[in-house]
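Chemist: what's the 3D shape of this:
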Amino acid sequence: MLAIKHILVPTDFSEPSARALAAAVELARAFDARLTLLHVWSVPNAGYAEALAWPIEAMEAAARRALDDALASTSKSYAKTDATLREGIEWKQVLAVVDELGIDLVVMGTHGRRGLPRLVLGSVAEKVVRLCPAPVLTVAAPKEPEKK
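Modeler: Numbering: from 1, shown residues only. You can find the predicted model right below:
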């Protein structure tokens, strides 16, 4: 049987990420595992002149506040929780944290984008699933009700 001692939950604070976190907390309880929240922030792609105008310190501070809030909330229901904040390309940072912390399982939300949105925005979850040395559990966004 797979020994799960440390679970990583990458989050972008979206609904799919919240669903993944809820699943990860239940798994962590079942396995008495450590739980680490990960948020990766980045400066949006822009030309050099535009990039000079980005308030990078404010962006990092906002990411830190959101992660701290998520950590505080999660720690109330599961004490063995910590968090890490990274800057960079999301999927690369997830893989780096998996290696650095010896993660046994990654639990992450997926937005389920298709077609052009997926092509333009990419899929962090898909890259992590393909490249991660640890097992990855993806949690889908709730399905939209079909329009009649």
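
Chemist: by contact count, what packs against the strand or helix carrying residue 74?
Modeler: Per DSSP states H and E, residue 74 falls inside helix 56-77. If contacts are counted by 3 or more CB pairs under 8 Å, 6 or more residues apart in numbering; DSSP states H and E, helix 56-77 sits against helix 15-31, strand 34-41, strand 81-87. Quick note: C-beta positions are derived from backbone N, CA and C, even for glycine.

Chemist: Out of those, which one sits most buried?
Modeler: strand 34-41 (a mean of 22; mean count of other CB atoms under 10 Å).

Chemist: in its sheet, what does that strand sit against?
Modeler: Strand pairing for strand 34-41, using DSSP bridges, gives strand 6-10 (parallel), strand 81-87 (parallel).

Chemist: what about these, which gets the closest to residue 127?
Modeler: strand 6-10 (11.3 Å; CB to CB).

Chemist: what is the orientation angle of the closest one with helix 56-77?
Modeler: 130 degrees (axes from the mean of the first three to the mean of the last three CA atoms, to 10 degrees).
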